[in-house]
Each structure stands twice: as C-alpha cells, then as structure tokens.
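>>> fold the stuff below for me.
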Amino acid sequence: MIEVKVAGIAMDASNMPIIILKDEHGKRVLPIWVGLFEAQAILFALEGIVSSRPLTHDLLKTIIETTGVVIQGIVINAIQDNTYFAKIEVRVNGHFKEIDCRPSDAIALALRTSSPIYVSDPVLSMATMPQTPIDDNEVQAFKDMLKDLKPKDISLL
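From the prediction side, this is the model:
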C-alpha cells in the first residue's frame, strides 16, 4: 500500500471530471473518473470552500467527530470492470472497522478530515500511469463549469 495525495482535477475529452492521485514520489498517477457532484465536493475541500449550509460530506465529518469515531485513513483497494472500490478505516471505541464506500466519497471525506489516502499495491499495478503535467487551462475550465452548475445541467446523468 502506498500513500497518495490529490494532485488535482482534470477533465477528459467528454468533459467528465477525473480526480488525479499522485504517489508521494510523484512518479505514478492514478486517474479516477467521478461524477460532477463528487468532483465538486472534492474541489470544495481542495480549495477550502465552505458552504453556507453543510454539504453531505461536511455533515458526515460532523457526525464522525461528534460520535468519537477516528478515521485512520482511506484505502482504494480494488478495481473491477473499470470501477474502483474503497474503504474507510476507522477506530470506534478502540475497535478497528472498515466501511465500504466509493473512492470519490472516501477522498472527499479524507480531505475534510486531513486523513491519509492510500492505494493498494494491486490497484497501483493495474491502474497507475507515468505522471504527465495537468493542464492549468483544464483545471480552470472545470472550476468555471462548477461555479455555474445547476441541477438541470446534469439531469441526463
């Protein structure tokens, strides 16, 4: 297992967001395609944007903090049929638990709680690619798109 950081968000040719995870040495990149709402939640955490009302991941963070649960980290632990799987590793009353979740939700929560993000060795072997620079224009275009995003804009998803 290796720790990764969120390097940013990019857009593919069809304007779908991709979360870019980078290993600690900056040699490997793991792209994870996510939906627009998930990308927005991650972008808000990356940019330190605070909503006037709690969003879903903010609410989850508050519940976790007020119930004494401690997030040990999140692990992107499998890939099957081009779908990534993740788990949140927590400590509850001295007991270790693993909670199945989508990688996008795990990443959004990890960013809000300053928890480490890990990728399992099998996923690293199957899905990482050599690092290539992220185009700043793509990042800015995505940010601009999210600012103007309305529910009717994604009703086809």
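
>>> spatially central residue in this structure, please.
Ile107 (3.0 Å; Cα atoms, centre = their mean).

>>> what's in contact with the helix or strand harbouring that one?
In this assignment (DSSP states H and E), Ile107 forms part of helix 103-113. For helix 103-113, the external contacting residues (Cβ atoms under 8 Å, 6 or more residues apart in numbering) are 6, 19, 21, 32, 34-35, 38-39, 41-42, 45-46, 57-58, 60-61, 64-65, 71, 73-74, 76, 84-88, 115-117. All C-beta atoms are positioned from the backbone trio N, CA, C, and that covers glycine.

>>> which non-adjacent residue is nearest Phe85?
Sequence neighbours aside, Ala78 is the residue nearest to Phe85 in space, at 4.1 Å (criterion: Cβ to Cβ, 6 or more residues apart in numbering).

>>> how many residues are close by Ile74?
27 (other Cβ atoms under 10 Å).

>>> scratch that, Glu98
Glu98: 12 neighbours (other Cβ under 10 Å).

>>> enumerate every residue touching the residue lying closest to it once chain neighbours are set aside.
In space, and not counting its chain neighbours, Glu98 is closest to Lys87: 4.6 Å by Cβ to Cβ, 6+ apart. Counting by Cβ under 8 Å, 6+ apart, Lys87 makes contact with 74-75, 77, 98-101, 106.

>>> filter these down to the buried ones, ChimeraX style.
The ChimeraX selection below is limited to those of the contacts of Lys87 classed as buried (16 or more other Cβ atoms under 10 Å):
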select :74,75,77,101,106
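
>>> columns distance to Asp135 and pLDDT on top of the contacts of Lys87, output as TSV?
Listed next are these as TSV, based on distance: Cβ to Cβ, whole Å; pLDDT from 0 to 100:
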residue	distance to Asp135	pLDDT
Ile74	27	98
Val75	29	98
Asn77	30	96
Glu98	36	97
Ile99	35	96
Asp100	34	97
Cys101	30	96
Ala106	26	97
